[in-house]
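Undergrad: sequence first, then the predicted structure:
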Amino acid sequence: SACVGAELLMSLLGNYSLNKGIKTSITVGVVGLPNVGKSSIINSLNRSKACNVGSTPGVTKQMQTVQIDSKIKILDSPGIVFHSGS
């Protein structure tokens with residue numbers, strides 16, 4: 001796997017829309033464990049504070065859609081916790 005920056009990620013998402021001939025916007029979900037920076041990544045891509053962030057888990061309580069530009073929406077989600085199977 002490779003690490004990509006905000007510029008490259010936005011370019012990849014924009015190119016995906018163009019290559020697929022999508023006339024409306026695409027919605028991309030950001031999912032992961034609690035307190036790993038999902039909302040911070042979205043704020044960085046948006047270049048403004050669209051999602052609340054904090055140093056403790058549980059700041060994001062429900063799904064939130066952020067319109068990044070005319071072709072890209074990003075869905076912020078609460079952290080996913082896997083329950084141990086016993």
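TA: Sure, I can see it.
Undergrad: host element of Ser40?
TA: Element membership of Ser40, judged by DSSP states H and E, is helix 38-46.
Undergrad: direction included, what does the helix or strand following that helix pair against?
TA: Downstream of helix 38-46, the next assigned helix or strand under DSSP H and E is strand 64-67. The partner list of strand 64-67 in its sheet, established with DSSP bridges, is strand 72-76 (antiparallel).
Undergrad: what does the strand it pairs with contact?
TA: 10, 13-14, 17, 25-30, 38-39, 42, 45-46, 51, 60, 63-68 (C-beta atoms under 8 Å, 6 or more residues apart in numbering). The way it works is simple: take the backbone N, C-alpha and C, and place the C-beta from them, glycine included.
Undergrad: just the buried ones from those residues?
TA: 10, 13, 17, 30, 38-39, 42, 45-46, 51, 60, 64, 66, 68 (16 or more other C-beta atoms under 10 Å).
Undergrad: list just the nearest of the residues you listed to Val4.
TA: Comparing the buried ones among the contacts of strand 72-76 against Val4 with C-beta to C-beta places Met10 closest, at 9.7 Å.
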